[in-house]
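Asker: whatever this is, show me its structure:
(chains A and B)
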There are 2 protein chains.
Amino acid sequence: MAYTDLNTPSRTIMTPGPVEADPRVLRAMSTPVIGQFDPQFLNIMNETMDLLRYVFQTKNKWAYPIDGTSRSGLEAVLCSTIEPGDKVLVPIFGRFGYLLAEIASRCNADVYTMEAEWGDVFDAEQLKAEIKKVNPKIVAVVHGETSTGRMQPLEELGKFCRENDVLLVVDAVATLGGVDFKTDDWHIDAVITGTQKNLAVPSGMAPITYNDRIEKILLERKKIERGLSETSVNSRRIQSNYFDLSQIQDYWTPDRLNHHTEATSMLYALREGLRVIQEETLEERFERHLVHGEALNKGLKAMGVELFGGEENRMPVVTVVKVPDGLDEAKLRATMLNQFGIEIAGAFGPLKGQVVRIGSMGYSCRKNNILRTLGALEATLTYHGAKVNQGDGVQAALEFYTNAKEPVTI
Amino acid sequence: MAYTDLNTPSRTIMTPGPVEADPRVLRAMSTPVIGQFDPQFLNIMNETMDLLRYVFQTKNKWAYPIDGTSRSGLEAVLCSTIEPGDKVLVPIFGRFGYLLAEIASRCNADVYTMEAEWGDVFDAEQLKAEIKKVNPKIVAVVHGETSTGRMQPLEELGKFCRENDVLLVVDAVATLGGVDFKTDDWHIDAVITGTQKNLAVPSGMAPITYNDRIEKILLERKKIERGLSETSVNSRRIQSNYFDLSQIQDYWTPDRLNHHTEATSMLYALREGLRVIQEETLEERFERHLVHGEALNKGLKAMGVELFGGEENRMPVVTVVKVPDGLDEAKLRATMLNQFGIEIAGAFGPLKGQVVRIGSMGYSCRKNNILRTLGALEATLTYHGAKVNQGDGVQAALEFYTNAKEPVTI
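Answerer: Residues are numbered from 1 along each chain as shown, chains lettered A, B, ... in the order given. Got it, this is the predicted structure:
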């Protein structure tokens, strides 16, 4: 059968990812391909590393993308650092904590978990006590849980891990580039993010950064593949070839040891997405995400719907809304998508059917998107029989924008 | 430091990959992102699966891309099918055979290798004898070795493996979409390819296909990750989460079990690249690659340079040229790139420094590219002091094109 030209519908994407890519990023991807060992391509690789250091707020030597979606970065870092039997502690407060535990267990780690109620996070003393008890090699934790809309504070945890010579690996897939994240100041040893959320780049790359504490392990485990070296052996070799950071990091040096063939167009996209952030500045960008998250929250409250979870550790970029009694959340989302062209998200696990999740990430995080979403949600809830305060949601957000200290134009 | 707009140089890419992406593919990538569970996106996924079946020449249910570069597909298939201690036989006739053996060994397979001289391939009797001796669960072999420019015939091997209940896994990264490859007729159980060669799509995805013999293993090893299922356990679970085909295939069914977030823009690119192939038809496309490979070969011979390897198992899409005595191949390539804007490739292992490799793949495989490359190579060799037959290379190719049964217009 013959297929037509791509003809995608016009959508406003207000999920926790993938969200709308910045139009500049989309244009960058149509740049012609050049060879992976072309000197000009090597420049592009170096520039991307430098831009990543800015966004990760780090002076680490290593900051580069893994060619795969977000979880490829998680697996690359975990399988390159975990050796069979290593103790790994995973504090879990939502779905993606389980994923870290799952990946660690597939690396044959001795996995310890601790769980918080969905909607909560851990307090520092709780974490410290568990670390003392377990004495893990690695603590792996999610920064922002899109499944619950909650953020785990990391500063005190990072300091404690460093003092106790524990490695701290953080999944910042949902936060980096939208929420303040200080890799070095918070003493985080390895960070993984994704492209399709606050970076406003399509899914398909997983930028990572790590320090010399991680690199030391990689170098101890290094085994160059047959085909490039006949003599390289190492009984501690990493279990994956594709995710072998000891080889991949060489690909990102002037030596350019051949590993994979770098994903050219995705690298163009990532570079452009990072350049947009550099131009906006991290400070302005974090402020923008805070302001629009706040506008959305004020609007929802004025509308009369209930929000899930407490204020204290709320992610500014994911807002979790309780579904009014008797309503089918799948039908709400279908009306939002099919009538208004606005995509919001459902939920996982214990929250499935109970809440919908609204993202305000990256390029999607704009005033017009927030206002449209509030308007459409009010109409959708009304259409499905819920009682909401007619007109109040959009007005509350509009007033908040208008009365902001600096007028919100974007 | 502030970075400028992407400003890549104009290049003619005549390597064995990554090669020039089709301009239609580049345009498709700038299509706006839509959500991974948007019904329209599900259509795009299904269409891509259907187009892949056409290019793989298969009726297999499963044909979809892994989100990563070519070797991610190799690892996904091997680590999902190999269990610790499984016997895997890898016939090696170039660099990428070593890669298959490397990946299999990292899956804790009991790896058996046999090696052919670089430039040769195996004859069927040799392979059959070794299979009888080893009695492996899996034979993993490269179809086209870009490192030597040679192709392993697979038809007889496939028949023998099927008769003896051995699984045959083939790396067709360098051949699929450029050279005839009959997954079903040749009885191949799993095939992996890449996007950045004959498919004329940027690097970053690895399309795979496999039959029900492979699927049976996947289902036996299936373990759904924590976070989606609390009860799923399986002592035979696959060692990677990212490459767990038993979960990924569910993502490609109407159930859409959440696994990764599909790489939207790369999927747009792949779909468009496949659609271009469907329009050209496989028959015409194979013929085009044969004709231009032949023109290149005739031109090089007329120029007076020596080709590496025999005629019999020559890949039409990679031509390996011996470097004339006393010349530095890196300097030849630098002149080609910096003076003519044409990229050709160096070599690996025993051939390093001895040969250069010229690709004629996908969108790069065009008459104007072949003629320019011949002209530039003649001038480059002359400039570096080699004796070549002035003018003869281009003329031989031009004559071949002009005298072809059907005039070659593209």
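Asker: and stretch A:391-409, how far from the chain's centre?
Answerer: Taking Cα atoms, centre = their mean, to the nearest Å, one finds stretch A:391-409 lying 28 Å from the centre of the chain it belongs to.
Asker: quick check: buried residues in it?
Answerer: A:392-394, A:396-398, A:400-401, A:408 (16 or more other Cβ atoms under 10 Å in any protein chain shown). From N, CA and C alone the C-beta is placed, and that goes for glycine too.
Asker: which of those lies closest to residue B:355?
Answerer: Residue B:355 has its nearest neighbour among those in residue A:408, at 61.5 Å by Cβ to Cβ.
Asker: gap between that closest one and residue B:106?
Answerer: Distance of residue A:408 to residue B:106, computed by Cβ to Cβ, to the nearest Å: 52 Å.
Asker: strands of the stretch 151-300 of chain A, start to end?
Answerer: A:167-171, A:190-192, A:206-210 (DSSP state E, counting those that start in this stretch).
Asker: mind checking how far the closest residue to chain B within the stretch 251-400 of chain A is from residue B:21?
Answerer: Here the stretch 251-400 of chain A gets closest to chain B at one residue, residue A:263, 3.2 Å apart by Cβ to the nearest Cβ. Separation of residue A:263 from residue B:21 (Cβ to Cβ): 12 Å.
Asker: any common contacting residues for those two?
Answerer: In terms of Cβ atoms under 8 Å, 6 or more residues apart in numbering or on different chains, residue A:263 and residue B:21 are both contacted by the residues residue B:202.
Asker: so which residues on the stretch 151-300 of chain A come close to chain B?
Answerer: A:194, A:196, A:202-204, A:225-228, A:237-243, A:258, A:260-266, A:268-269, A:271-272, A:275, A:278-279 (Cβ under 8 Å from any Cβ of the partner chain).
Asker: just the buried ones from those residues?
Answerer: With burial judged by 16+ other Cβ under 10 Å, the buried subset of these is A:194, A:196, A:202-204, A:225-228, A:237-243, A:258, A:260-266, A:268-269, A:271-272, A:275, A:278.
Asker: contacting residues for residue A:171?
Answerer: A:74, A:96, A:100, A:140-143, A:192.
Asker: same check, this time on residue A:132
Answerer: Going by Cβ under 8 Å, 6+ apart, the list of residues near residue A:132 reads residue A:164.
Asker: ok, 6 Å please
Answerer: Applying Cβ atoms under 6 Å, 6 or more residues apart in numbering or on different chains to residue A:132 gives no contacts.
Asker: so it versus residue A:87, what's the distance?
Answerer: For residue A:132, the distance to residue A:87 - Cβ to Cβ - is 13 Å.
Asker: can you check residue A:125 too?
Answerer: Counting by Cβ to Cβ, the gap from residue A:125 to residue A:87 is 20 Å.
Asker: how about residue A:348?
Answerer: In terms of Cβ to Cβ, residue A:348 sits 27 Å off from residue A:87.
Asker: equivalent analysis for residue A:405, please.
Answerer: From residue A:405 over to residue A:87 (counting by Cβ to Cβ), the distance is 48 Å.
Asker: residue A:91 looks like it's in a strand, true?
Answerer: Yes - counting by DSSP: H, G, I helix; E, B strand; the rest coil, residue A:91 is found in a strand.
Asker: can you get me a residue count around it?
Answerer: 24 (other Cβ atoms under 10 Å in any protein chain shown).
Asker: quick check, it in contact with residue A:141.
Answerer: Yes - the criterion here is Cβ atoms under 6 Å, and residue A:91 meets it with residue A:141 at 5.2 Å.
Asker: tell me the contacts of the closest residue to residue A:195 other than its chain neighbours?
Answerer: The shortest distance from residue A:195 to any non-neighbouring residue, by Cβ to Cβ, 6 or more residues apart in numbering or on different chains, is to residue A:201 (3.9 Å). Listed by Cβ under 6 Å, 6+ apart, the contact set of residue A:201 reads A:21, A:25, A:195, A:269-270, A:273.
Asker: with distance to residue B:45 added, can I get the residues you listed in TSV?
Answerer: Shown next, in TSV, are these (distance: Cβ to Cβ, whole Å):
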residue	distance to residue B:45
A:21	18
A:25	22
A:195	19
A:269	20
A:270	23
A:273	24
